[in-house]
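A.B. asks: One predicted model, sequence on top.
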Number of protein chains: 2
Amino acid sequence: MQCPVARSLERVGEWWSMLILRDAFYGIRRFDDFVQSLGIAPNILSRRLADLVVAGLLERRPYSARPKRYEYVLTEQGRDFRPVLLALMNWGNRHFSPEGPSILLIDTQSGQPVELAPVDLHTGEPIARGRHVVIAGPSANERTRARVEFRNAHLAADRH
Amino acid sequence: MQCPVARSLERVGEWWSMLILRDAFYGIRRFDDFVQSLGIAPNILSRRLADLVVAGLLERRPYSARPKRYEYVLTEQGRDFRPVLLALMNWGNRHFSPEGPSILLIDTQSGQPVELAPVDLHTGEPIARGRHVVIAGPSANERTRARVEFRNAHLAADRH
């Protein structure tokens, strides 16, 4: 699939993949530590780690020669996944944590919780429906163009 | 699971769920339009739509009495998922679109592509590792605290 959301999900859309990446951001690198944090079956963890290595999001590095052992470290592409995890965290805190947040993103300079939002760095403006819209890019195929046109037709209909 | 990322994924982590939400943001509401956009098997689409309704992200509304037909519209919680999709889109455009972006988020006031980043609205500062960190919140359980402590120990070790 051509859509960038779909391409992202081809790499991280399997059950566990995003939680493995979350743990990698907590500094977890070793197989047994992932098992303990996630409560995941070892055979499934093996498969997911291998997938994430193939996708270029984790790098497999030896840390012991005898016995031969590997650890899994975020690549640059993997580290760049952080905004997705932060957005999922924020959404979960807002809507699915009735007992209050279990984790909080804070600004270490002020000690205050962050009020997270996606912003356009060019203007400093938070992304808002209406002002910021998705358009077909130069390499859009027919299906992508059809979706954008569907959206435009729908928006036009809403206005009437 | 208690982690807000995990709770979010419990609602949208199945294959197709996030792509269905993406299409809902394009204004797609009807079963046949989802089938056409996604190329998804109808029985799987039925199940995913039902899951998203139970999760409170889509609302099922009748639009025709005879034959009885329903459409699926984003709820407020569902609309609030947009930052996650934007982050996935941005990540996909950066890393997995070697032929150039197929869709672009633009600012309609300037016509320019958005440079998307998560920002703390309190300070206007982009989220940066080091300055912004995750801490255990008031309702954190033992597993959450263990992850945060693992991270702290790991960061301390990195500094030595």
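C.D. replies: Yep, that arrived.
A.B. asks: Domain boundaries for chain A, per the record?
C.D. replies: The record's domain parsing of chain A by automatic domain parsing lists A:4-79, A:118-160.
A.B. asks: ok now the shortest one, how far from the chain's centre?
C.D. replies: Remark: domain A:118-160 is offset 21 Å from the chain centroid, using C-alpha atoms, centre = their mean, to the nearest Å.
A.B. asks: among the domains of chain A, which gets the worst mean confidence?
C.D. replies: For the domains of chain A, mean pLDDT drops lowest on domain A:118-160, to a mean of 89.
A.B. asks: Just name the most buried of the domains of chain A.
C.D. replies: domain A:4-79 (a mean of 17; mean count of other C-beta atoms under 10 Å in any protein chain shown). Where you see a C-beta, it was placed from the backbone N, CA and C, and this is true even at glycine.
A.B. asks: That domain and chain B, are they touching?
C.D. replies: Yes: interface with chain B: domain A:4-79 contributes A:4-11, A:13-15, A:18-19, A:22-23, A:25-28, A:33, A:37, A:56, A:77 (C-beta under 8 Å from any C-beta of the partner chain).
A.B. asks: So which of the residues you listed belong to strands?
C.D. replies: Among those, DSSP state E puts none in strands.
A.B. asks: from the residues you listed, which ones fall inside helices?
C.D. replies: A:4-11, A:18-19, A:22-23, A:25, A:33, A:37, A:77 (DSSP state H).
A.B. asks: Let me know the closest of those residues to chain B.
C.D. replies: residue A:4 (2.8 Å; C-beta to the nearest C-beta).
A.B. asks: isn't the closest one right up against residue B:96?
C.D. replies: Yes: between residue A:4 and residue B:96 there is a contact under C-beta atoms under 8 Å: 6.7 Å.
A.B. asks: which residue is nearest the middle of chain A?
C.D. replies: Closest to where the C-alpha atoms of chain A average out (C-alpha atoms, centre = their mean) is residue A:84, at 3.3 Å.
A.B. asks: List the contacts of that one.
C.D. replies: A:8, A:12, A:18, B:84, B:87, B:88, B:91 (C-beta atoms under 8 Å, 6 or more residues apart in numbering or on different chains).
A.B. asks: again, only this time at 10 Å
C.D. replies: When contacts are counted by C-beta atoms under 10 Å, 6 or more residues apart in numbering or on different chains, residue A:84 touches A:8, A:12, A:18, A:21-22, B:5, B:83-92, B:118.
A.B. asks: Just give me how far the helix or strand harbouring it sits from the chain centre.
C.D. replies: With secondary structure defined by DSSP states H and E, residue A:84 is part of helix A:82-95. A distance of 9 Å separates the centroid of the chain from that of helix A:82-95, by C-alpha atoms, centre = their mean.
A.B. asks: Could you do stretch A:114-121 as well?
C.D. replies: With C-alpha atoms, centre = their mean, you get 16 Å for stretch A:114-121.
A.B. asks: check whether it contacts chain B.
C.D. replies: Yes: counting by C-beta under 10 Å from any C-beta of the partner chain, contacts between stretch A:114-121 and chain B involve A:114, A:115, A:116, A:117, A:118, A:119, A:120, A:121.
A.B. asks: Bridged to the third one, which residues?
C.D. replies: In this case it means residue A:116. The partner list for residue A:116 in beta bridges (DSSP bridges) reads residue B:120.
A.B. asks: looking at it, it is touching residue A:90, isn't it?
C.D. replies: Yes: judged on C-beta atoms under 10 Å, residue A:116 makes contact with residue A:90 at a distance of 4.6 Å.
A.B. asks: list the residues that contact both of those two?
C.D. replies: A:105, B:83, B:118.
A.B. asks: For the first one, which non-adjacent residue is spatially closest?
C.D. replies: Setting aside the residues directly before and after it, residue A:105 is nearest to residue A:114 in space (C-beta to C-beta, 6 or more residues apart in numbering or on different chains), at 4.4 Å.
A.B. asks: The one you found - how many residues pack around it?
C.D. replies: 24 (other C-beta atoms under 10 Å in any protein chain shown).
A.B. asks: For it, give me its contacts.
C.D. replies: A:86, A:90, A:104-107, B:118-123, B:125, B:127, B:131-134.
A.B. asks: one more time with 8 Å, if that's ok
C.D. replies: Per C-beta under 8 Å, 6+ apart, neighbours of residue A:114: A:104, A:105, A:106, A:107, B:120, B:122, B:127, B:132.
A.B. asks: tell me which of the residues you listed is nearest to residue A:141?
C.D. replies: residue B:127 (33.0 Å; C-beta to C-beta).
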